[in-house]
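Peer 1: From the sequence below, what's the structure:
(chains A and B)
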Amino acid sequence: MLIKKHQYLAFVLPAVFFILLIIVVPFLIGIYYSFTDSNGLRSSFIGWKNFEVLFQDSTFLQSFWLTVKFSFVSVILINLVGLAFALIVTSHNNRLTKSLRTIFFMPNLIGGILLGFIWQFIFTSAFQAIAAAFHLDFFKGWLSNPSTGFWGIVILFVWQMSGYIMLIYISFLNAIPKNTIQAAVLDGAKATQIFFFIQLPQLAPAFTISLFLTLANSFKLYEQNLALTNGGPYRSTEMISMYIYNTAFVNFQQGYAQAAGIILFLCVTIVSFIQLALSRKREG
Amino acid sequence: MKKRFFKIAKLTFMFSLSLIVLTCCSFSSQKEKNSKITLNFFNQKPEITAQYQKLARMYHAKHPNVNIQITTSGQGGGAAALQAKFASGEAPDIIMLGGLPEIDRYKDHLINLKDLKASKNIVPNLVSGGISNKHMVGIPVDLEAYGWSYNKAVFAKAGIDASKINNYSEFLKAVEKLNSEKKKIGIDAVFGFNGADTSSIASVSAQFTSLPYNNNLVKAFKSKTFPWKYERQMKNYYDLVKKYNVQPILSVKYDPSVQDLFFNGKVAMIPQGNWIIPTLDGLEKGYVQKNLGMLPFFVKNDGTDRLLTGSSWYLGITKDHPKRQKAAKDFINWMYTSKEAENVIINEMRFVPATKNFDVSRLPDDLSKQIYRIGTSKNAQSPVHKQYPNGFTNQALGPYIQRYFVNGISWKELKKETSAKYRQLREIQSGE
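Peer 2: Numbering: from 1, shown residues only, chains lettered A, B, ... in the order given. So this is what the prediction gives:
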């Protein structure tokens, strides 16, 4: 009897042990280091100084603001494009839509670093060739100034994430009872009316999940940033994760970087909670 | 009964599985055998890994007891990878360090190399780049020259004799002549400055920041301010580059600038030194002897300007494994004093050796000979860009100068921002 009662412990404990060891303990140590002047090898306690300096550091604030802007733009675009993809591939059930599903999802299977290099080639070489062939100034000098650098990362990220978000919308679209739509058609509803008054309200839980995923991912974006622009030109596209990495492993101010990491953690947590609370309310 | 037995068996199995996983982690570090020694060598120059491996094999052939394991990590990731090695308790025995800020970070781990046979033979003005707390803890990897690399064929086509360029106005005249005859001599632009790379921007800046320190790299490392003494000349050169460079300047990268623009004669000059020799000769045998020359920056502009000569990298030995220290010292001595090792270093790595009293005629090309002569002469000058605070190059100086190149910032603002960032980084990193 005793064994049966505690059997689950045998299964759970190893996993709990590793989660503690690999996630919880480093997290707590990290919080401690944010109050030190650690350079990775030596450290001493300096209280709140890192946080005080951080809020006066123009580069930190700049990259933070850039990340907020980026997240705002990419969350909206990814969800719009993902939903559009989902509507396209669920509108009919034939070979074309089936292959489109695969095509839309494929970018998600490629790693961020690789995608970054592929798009770097597209933006610099392919765009340059288009600009030269058709004399279109729009395609000239991509990634060489701050605004094209910013939009370059947005395009890359939207292209990568939309397919994934599409899957979520597809599953929710398929779960909508067919008879509600058929009833609406019989009542003479137009396609736009069906979408806005029948499908959209029932997609509310899908929005909760998709917004959460895209928001968290865009705040943490790093490898796409690294491979595509590496913060350039002149640090204008350096997002918060890259700022933290560079501070820690290029400047070797690891306590300071840790403090920035804690701020990022708090922001992502707070924003996610607010978003979840709001969307849950609408779902209910 | 049977059921219960199975349950116990299952439980035991789960527990033992998790135990095995745990114990695996702790048993992985094996004991070292006394007779055989494996030295770990941490290398931060990926381009010469193959040659270091060759040296390691040659040494192993002579000393069968000593194996040398080379770990290479470079191009931005090296410093972080090295720190990870130390943090995980697997400190390498021989480490390659770039500049005093990095040496300072590991100073508690490095041994004094003063009595090493190899250290007694080091070119004098390179010594201070390996000093921490008045101890010599690093010995330079090689002797590098910093200036303009120019394409002799392009200069010849324009009818310019490089040996007659001895001050800034003559340099300016040559640049303008090259520019006006661009079409005739088939170049895209005069300069192929790779504005995308902050490391090249930093090494060029050293032309204007090194003179005040007069070869005292420790002083440069401790300096709390960025030296603007030669800023007028600095601005002149940057404005010149801005005007006559391949555009857009911030899209020009190191590899294409060397292997395409310079090698194919599409530009006349690039701001690189003798580290491009192996690449150029790798593309076409004998290219360097035929086509590569170097011009100094005219900073003081009084006829005493020479190429800057220094070493970006220093080798140190750690005290983390006392048993292997002697073997590490022997290996370094062998690398710096034996003829066979020197032959690999000068002929295959194409390095100019950082040792005194070297027979110049053994060097394979004229440029290397010239660099050795300048580097060992009385008025040799070491560049100080490797002594800037950690991160200053790619987080401050590089981005600000890039901004200046595309007119995103005025010279006055550049000065103000750069100075402020320099002071801030230095203060944080010196812990004061």
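Peer 1: Flag every buried residue along the helix or strand that A:Ala183 is a member of.
Peer 2: According to DSSP states H and E, A:Ala183 maps onto helix A:178-186. By neighbour count on 16 or more other CB atoms under 10 Å in any protein chain shown, the buried set for helix A:178-186 is A:Ala184. Heads up, the C-betas are built off the backbone N, CA and C, glycines and all.
Peer 1: And the next helix or strand along the chain from it, how far out from the chain middle?
Peer 2: Following helix A:178-186 in sequence order, the next helix or strand is helix A:191-194 (DSSP H and E). Between the centre of helix A:191-194 and the centre of its chain there are 30 Å (CA atoms, centre = their mean, to the nearest Å).
Peer 1: next structured bit after helix A:191-194?
Peer 2: On the C-terminal side of helix A:191-194, the closest following helix or strand by DSSP H and E is helix A:200-202.
Peer 1: hang on, B:Tyr150 in a helix?
Peer 2: No: read with DSSP: H, G, I helix; E, B strand; the rest coil, B:Tyr150 is strand and lies in no helix.
Peer 1: what's the burial count for it?
Peer 2: 24 (other CB atoms under 10 Å in any protein chain shown).
Peer 1: from memory it sits against B:Gln272, does it?
Peer 2: No: here B:Tyr150 does not reach B:Gln272: they are 10.4 Å apart, not a contact under CB atoms under 8 Å.
Peer 1: so which helix or strand takes in the closest residue to chain B within chain A?
Peer 2: Taking CB to the nearest CB, chain B has its nearest neighbour within chain A at A:Asn251, 3.2 Å off. In this structure, A:Asn251 sits in neither a helix nor a strand according to DSSP H and E.
Peer 1: For it, give its distance to A:Phe70.
Peer 2: Applying CB to CB, to the nearest Å, one obtains 23 Å for the distance of A:Asn251 from A:Phe70.
Peer 1: what bits of chain B have low per-residue confidence?
Peer 2: Counting by pLDDT under 70, chain B shows low-confidence ranges at B:1-34, B:76, B:430-432.
Peer 1: closest point of it to chain A, which residue?
Peer 2: Counting by CB to the nearest CB, chain B gets nearest to chain A through B:Gly391 (3.2 Å).
Peer 1: before we move on, back to that, count of neighbours near the residue of chain A closest to chain B?
Peer 2: So A:Asn251, with other CB under 10 Å, has 22 neighbours.
Peer 1: again, but for the one 10 residues further on
Peer 2: Other residues near A:Gly261 number 21, with proximity taken as other CB under 10 Å.
Peer 1: That one is in what secondary structure piece?
Peer 2: helix A:254-283.
Peer 1: what is the mean pLDDT for that helix?
Peer 2: For helix A:254-283, mean pLDDT rounds to 87.
Peer 1: what packs against that helix?
Peer 2: helix A:25-33, helix A:49-54, helix A:204-219, helix A:240-249 (3 or more CB pairs under 8 Å, 6 or more residues apart in numbering or on different chains; DSSP states H and E).
Peer 1: Return the shortest one as PDB; C-alpha atoms alone will do.
Peer 2: Meaning helix A:49-54. Only the C-alpha atoms of helix A:49-54 are listed here, as PDB (Å, rounded to 0.1, in the frame of the first residue of the first chain):
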ATOM      1  CA  LYS A  49      23.500  50.200  -8.200                       C
ATOM      2  CA  ASN A  50      23.200  48.100 -11.300                       C
ATOM      3  CA  PHE A  51      19.500  48.900 -11.500                       C
ATOM      4  CA  GLU A  52      20.100  52.600 -10.900                       C
ATOM      5  CA  VAL A  53      22.700  52.800 -13.600                       C
ATOM      6  CA  LEU A  54      20.500  50.800 -16.000                       C
END
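Peer 1: Give me the next element, helix or strand, following that helix.
Peer 2: Downstream of helix A:49-54, the first helix or strand assigned by DSSP H and E is helix A:58-91.
Peer 1: Can you name every helix or strand that that following helix contacts?
Peer 2: helix A:95-105, helix A:146-175, helix A:204-219, helix A:240-249.
Peer 1: most tightly surrounded among those?
Peer 2: Mean neighbour count (mean count of other CB atoms under 10 Å in any protein chain shown) peaks for helix A:240-249 among those, with a mean of 22.
Peer 1: Is any residue of that helix near chain B?
Peer 2: Yes: against chain B, helix A:240-249 shows contacts by CB under 8 Å from any CB of the partner chain at A:246-247, A:249.
Peer 1: So which residue is dead centre in the chain?
Peer 2: Just so you know, I chose chain A. Geometric centre of chain A, nearest residue: A:Asn217, 2.2 Å, by CA atoms, centre = their mean.
Peer 1: could you do chain B instead?
Peer 2: With distances taken as CA atoms, centre = their mean, the residue of chain B nearest its centroid is B:Ser312 (3.6 Å).
Peer 1: got the contact list for that one?
Peer 2: Counting by CB atoms under 8 Å, 6 or more residues apart in numbering or on different chains, B:Ser312 touches B:98-99, B:141, B:144, B:386.
Peer 1: ok, so what distance separates it from B:Gln207?
Peer 2: 15 Å.
Peer 1: One more: A:Asn93?
Peer 2: 68 Å.
Peer 1: Settle it for me: which of these two has more neighbours?
Peer 2: Neighbours per residue (other CB under 10 Å) separate A:Asn93 from B:Gln207, with B:Gln207 holding more: 26 against 9.
Peer 1: residues making contact with stretch B:392-403?
Peer 2: Contacts of stretch B:392-403 (CB under 8 Å, 6+ apart): A:59, A:232-235, A:246, A:250-251, B:195, B:197-199, B:201-202, B:205, B:238, B:250, B:385, B:388, B:409, B:414, B:417-418, B:421-422, B:425.
Peer 1: Stretch B:175-195 too?
Peer 2: Taking CB under 8 Å, 6+ apart as the rule, stretch B:175-195 contacts B:154-155, B:157-160, B:200-201, B:204, B:240-241, B:244-247, B:249-254, B:256-257, B:261-262, B:265-271, B:402, B:405.
Peer 1: Run a quick neighbour tally on B:Thr72.
Peer 2: Neighbours around B:Thr72, by other CB under 10 Å: 19.
Peer 1: Quick check: beta-bridge partners of it?
Peer 2: As for beta bridges, B:Thr72 partners with B:Asn43 under DSSP bridges.
Peer 1: Contacts only, for it.
Peer 2: By CB under 8 Å, 6+ apart, the residues touching B:Thr72 are B:43-46, B:49.
Peer 1: Would you point out the most distant pair within those?
Peer 2: Using CB to CB, those reach their maximum pairwise distance at B:Gln44 and B:Thr49, which is 10.2 Å.
Peer 1: Those two: who's more crowded?
Peer 2: B:Gln44 (22 against 14).
Peer 1: what about the closest residue to the more buried one other than its chain neighbours, how many neighbours?
Peer 2: Nearest non-adjacent residue to B:Gln44, counting by CB to CB, 6 or more residues apart in numbering or on different chains: B:Gly78, 3.9 Å away. Residues within reach of B:Gly78, counting by other CB under 10 Å, total 20.
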